[in-house]
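In: take this sequence and fold it.
(chains A and B)
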Amino acid sequence: MTRITEGQLARINLDHINRNRERVSVLSNEVDTGVKVRNPKDSDQAAIISDYQNTLKRIEGYSNRTANVKSFLSFQEDALAQVADILNRAKEVAAQGANETNSSTARAQLSEEIFQLRDHLVTIANSKYQGKYVWGGADDDDPPYDGNTYTNPSSGNASVRYVFDNETGTAITRSVNITEDLAITVNTPGNQIFDGSIQALERLGRSLAGYSTLPASGAPTGGGTAYNFPSQFSQQTDDIQNAMDLLETARATNIEPERVSLSGRQTRIDTAEALLSMTKNNAQAVLGTLQDADIITSATELQQAQTVLQASLTVSAKVLNQSIADLL
Amino acid sequence: MTNFGAKILNNAVGALAAQQAVIATASNNIANVHTPGYARRTIDLQTRVSRNSGSLVDVGNGVEIGKLVRATDQYLEAAARGAGSDKGLYSVQKDFLSRLNQLFDLTGDNPTVGTNLSSFFAAVDDLAADPASIPLRTNFIQKANDLVTSIKTTYDTIANLQAEADQRLGTEIETINSFTGQIATLNGAITSAERAGRVAADERDQRDQLLQKLAEKVSFSSIEGADGALTISLTNGFALVSGTTHRDLETTTSPTFASGPVPPSLKGAALSYIVYDYDSTAGASHIDLTQALKNGGGTVAGLLALRGYNDPTNTSAFDADGTLVQVASRVEALARELLTTVNQTYLGADRDSGTAVHDPSSGDLNGNTPSVYGLFDFTFVGTKDADGNGLPDDLSALGIDNFASRLSVAFSDPRRVAAALDSGAGAPAAAVFAPGDGRNMLAISALQDSNHTFGVGSYSFSGTFDEEWSETVGYVGVQSNAVEVQSSVAEDKYTSALNSRDEVAGVSLDEEFTTLIKFQKTYQAAAKLIKVADQLLDQIVSII
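Out: Residues are numbered from 1 along each chain as shown, chains lettered A, B, ... in the order given. Down below sits the predicted model:
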C-alpha cells in the first residue's frame, strides 16, 4: 500500500499551484502584449526571428530614403520639363529671327527674349534642392554655372557668358542604395545636361544681337566680333540657323535622354518599392507566425488556466485541511 | 507454584512502559512532521523471553521494547540526492541565462546590438545620399555611438555575469566546506553512539539532511562503513570526507600548478580555480579540482558550465569554454570586425601604393584624412598600430582581448566624418575632397552585405554582420531553451524523488493518530491489569 504523508500532499499541491500560476502568468503576458516570443529563450527559432527583424529594420531604412530620392528625382523632372519648354520657345523665336525679312534691328530685339530664356535656364541649372545645388555633382555647395564674359560686346546681355565651373568633385555623381540590390544614381553632372542648351542659346542670342561667337563650333571661348552689316547679314542668318540646329541637338541629345533616364529611374524605384513592400509583408507574416501570440487561443487558454488554478487552490485548501485529528 | 499475581503486575508494568515508548515515539514523529530530513521512527515491540520459568505452564512474560527503527531507504535517499544535484546544476544556469536573455530582446521595444547595427548602416546610406548634410552627419555619429554603446553594454553585462558566477563559486565552496565539516563531526558522533549500541537517529537525520544540501551544490558518491561513518568522494575519487576528517576546498587565482599568471576573465581580471592545498605547511601546493567538479552536478558544476574553465597555460579569456564565454566571443568578434574591416574600408584605398605606409584616400569636410582607427576606436595605453603600416592590425598582438569593452567612436565633430574620397589627381599631389561626395559612405554601406569572417577563441563564423548577430541570438536561444527544459525536467525529478523518499520516511499524521489511539487503549488495558492484580491480592489479604 502506498503511504501518502502530509509532507507529500503539501509538496504536490504546492507544486501544482505553482505550475498553474506560472501558466496563468505566461498566458496573461501573451494576451496583454500579443507577443509570445519576447526573448531568445522563448523559442528555438530565435535566429530566424532575428533574421526577419533585421530585414524589417532594413526595409524601414530603405523606405525613408526612397521617399526622399523620389521627390528629388521628380524635382529634377519638373525642372527639365521647364528646360524643354524654354528650348521650344527659343526655337520659335529663332525661326522668326532666321527669316531674312527681319532687319538686323528687329533681330536684335528678338535677342532680348533669348537672353531672358538663357538666364532662366541658368537659374534652373543652378537650382538648389534642400540647400544643395542639384547639378553640381559632389561639389554641391556652390553654383555649377559661373558668369564669365565675351570680349565683344563689353557690356549688356550679349557680353555674359556662362561656364560650368569644373571644380573638384563636379564630375562625381551620387548613388543611393534603394534596396540591398539596387543603387540609383540620383544626379548627373550639370555640364552633361545644360552645356549644349546654354551654349546654343548664347550663340543664338549673340547672333540675333549682331555678334559672331568663336570658335564656330563647340564651347564658346569668349571670342567673337560684331557683324559688319550689310555684308555679313547672310552670315548672321546662317549663324541663327546654325544655333537653331544646336538647340535641337541639345534637346535631343542632352535634355530628352536625361528626362527618359529620370523617369526610368523612378520606375525602377517604384518596382523596388513594390518588391520591398512584398518582402516586408512576407517578413511580417512569418514573424507573426513565429513570434506573435494567437490572441484568441491564448485568451481561451488563459480562461482555462484560471479555472484550473482556481480548482487547484480550492482542492488544496480542502485536502490539506483534512486531518484525522478533527474526527477524534 | 507460580505466582501469577506477580506475573500480572510484571506484564502490566512492562506493557505500560512499552505503550508509553510507542506513544512517545509517535509524539516525536508528530512534532517533526514537517522537519526537513526527518525520517519517521518506529519502535519494534517484542515478547519478553523468560529467563527462568519455574512452571510448566508459561503464560508468557509480557512485552519489551526492541529496537528503534528509522524508516529510510538508502537507494531512495541516493536518488533524491542525485535529483538535487541535477536541480542545482540546471536551476543556477536557468537563472543566469534568463538574465542574459534580456540583452537579446526580440520585441523591438529595447534596442539591441542587432537593431543598432541596422540603424547604423541605415545612417550610412542616408549620409551617402546627402553627404554634406550636418544633421545626417550628426545622425551618423549618434548611430555609431549607439552601436558602440550597445556592444559595450552587452559585453560588459556578460562579463559581469561571469564575474558574478565566479564570485558565487567562492561562496558555494565555503558552504561546501561547512557542510563537509559538519558531516565529519556527525560521523564521529554516530560512530561513538552506535558503538555503544544506541541508534544515532537524530545524528543520522541531520547527516542525511546535510548530504541532501551538499548534493545540491556538488555531486558525489558516498559509502557508509561498518562503524556508520560516511566516506564522501567527488566523481574523480577525491575524498571530501573520510571518517572524522574532511578536506577543505579553496578558490584561488594563483594556483601553484600554473607556471605563470592564469588567463584573464572576460572583464580582464582572473578566473579562480577550485583547488585543494595538500601541503599547506610548506607554502602551498595545489591540485586542480575545477574540471572534476565541472564534470559533476550541482550548482558548482552549473556555475562552472556558465563561467567556463580556462587551462592555466592559455592566454586569452576566449580560450575558455562555458556558455557566457561563448556568447561574449560572438560580441567580441563583432567588435573586432568593426575595428579592423570597417576602419580599413573607412580609410579608403592607398593613395600612394609605392610606400610601405598606407596613405588614406578618404577625407572629411575639413579636408583631413582619418587616422588608423579613424571611425571605431578603442581605449588602449600604448601604440595601437604596432607595425606602423597605417592599417588596423591583428588586434590579438596587443596583449589585451576585451576590445568590445573598450570600443568608442573616434570623433564627435560631424564635419569629421570622412564621407568623401580623393577626387584629385592622386599621389603625390595633395588629396582634394568634394563636400557632396559620399563614395566612402557607399563603401562602408557595402560592408553590410558582404561576408566577413568573425573569429575569436574557438568561435568562427562567416557571414554578414546581421547574420552574425542572428547566429548569436540563435545560440543564446538554443542554450537557454535547453537549460529551461532540463531545469524543468530536473525540478520534476526532484519533486518526485522527494515524494518517493517521503513515501517511506515521511510522517503520516493519520498513521500516528491511529497508533496513538491504538496504544492509548492498550495503555488503558494495561493499567486495568494492575487494578485486577490489586483486587486479586486484596482477595487473598481479606482471607487472612
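
In: C-alpha only now, for contacts and for neighbours.
Out: OK.

In: which residues does the closest residue to B:Gly268 other than its chain neighbours contact?
Out: Counting by CA to CA, 6 or more residues apart in numbering or on different chains, B:Asn402 is the residue found nearest to B:Gly268 once chain neighbours are left out, at 7.2 Å. Applying CA atoms under 8 Å, 6 or more residues apart in numbering or on different chains, we find B:Asn402 in contact with B:266-268, B:332.

In: same thing but 10 Å
Out: Going by CA atoms under 10 Å, 6 or more residues apart in numbering or on different chains, B:Asn402 touches B:152, B:155-156, B:159, B:264-268, B:316-318, B:328-329, B:331-333, B:335-336, B:378, B:396.

In: that one and A:Ala90, how far apart?
Out: 70 Å (CA to CA, to the nearest Å).

In: do A:Glu180 as well
Out: 44 Å.

In: what residues does the stretch 151-300 of chain A put near chain B?
Out: A:167-178, A:180-181, A:183-186, A:291-292 (CA under 10 Å from any CA of the partner chain).

In: filter those down to the buried ones, PyMOL style.
Out: To isolate the buried members of those in PyMOL, using 16 or more other CA atoms under 10 Å in any protein chain shown:
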select buried, chain A and resi 168+169+170+171+172+173+174+175+176+177+178+184+185+186+291+292
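
In: out of the residues of the stretch 151-300 of chain A next to chain B, which sit inside strands?
Out: Those of those mapping onto strands are A:175-177, A:183-185, per DSSP state E.

In: stretch B:315-331 and chain A in contact?
Out: No. For stretch B:315-331, no contact with chain A is found by CA under 10 Å from any CA; the gap never falls below 12.7 Å.

In: now do the same end-to-end measure for that stretch.
Out: Per CA to CA, stretch B:315-331 runs 19 Å from first to last residue.

In: quick check, distance from stretch B:192-200 to the centre of its chain.
Out: From the chain centre to the centre of stretch B:192-200 is a distance of 39 Å (CA atoms, centre = their mean, to the nearest Å).

In: CA atoms of it as PDB?
Out: The C-alpha atoms that make up stretch B:192-200 are tabulated as PDB, following Å, rounded to 0.1, in the frame of the first residue of the first chain:
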ATOM      1  CA  SER B 192      30.700   6.500  19.100                       C
ATOM      2  CA  ALA B 193      26.900   6.400  19.700                       C
ATOM      3  CA  GLU B 194      26.400   3.200  17.700                       C
ATOM      4  CA  ARG B 195      29.400   1.500  19.200                       C
ATOM      5  CA  ALA B 196      27.600   1.800  22.500                       C
ATOM      6  CA  GLY B 197      24.600   0.100  20.900                       C
ATOM      7  CA  ARG B 198      22.300   3.100  20.500                       C
ATOM      8  CA  VAL B 199      20.700   4.000  17.200                       C
ATOM      9  CA  ALA B 200      22.000   7.500  16.500                       C
END
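
In: buried stuff in it?
Out: B:192-193, B:199-200.

In: contacts for that stretch next, please.
Out: So stretch B:192-200 is in contact with B:67-70, B:186-187, B:189-191, B:201, B:203, B:227-229, going by CA under 10 Å, 6+ apart.
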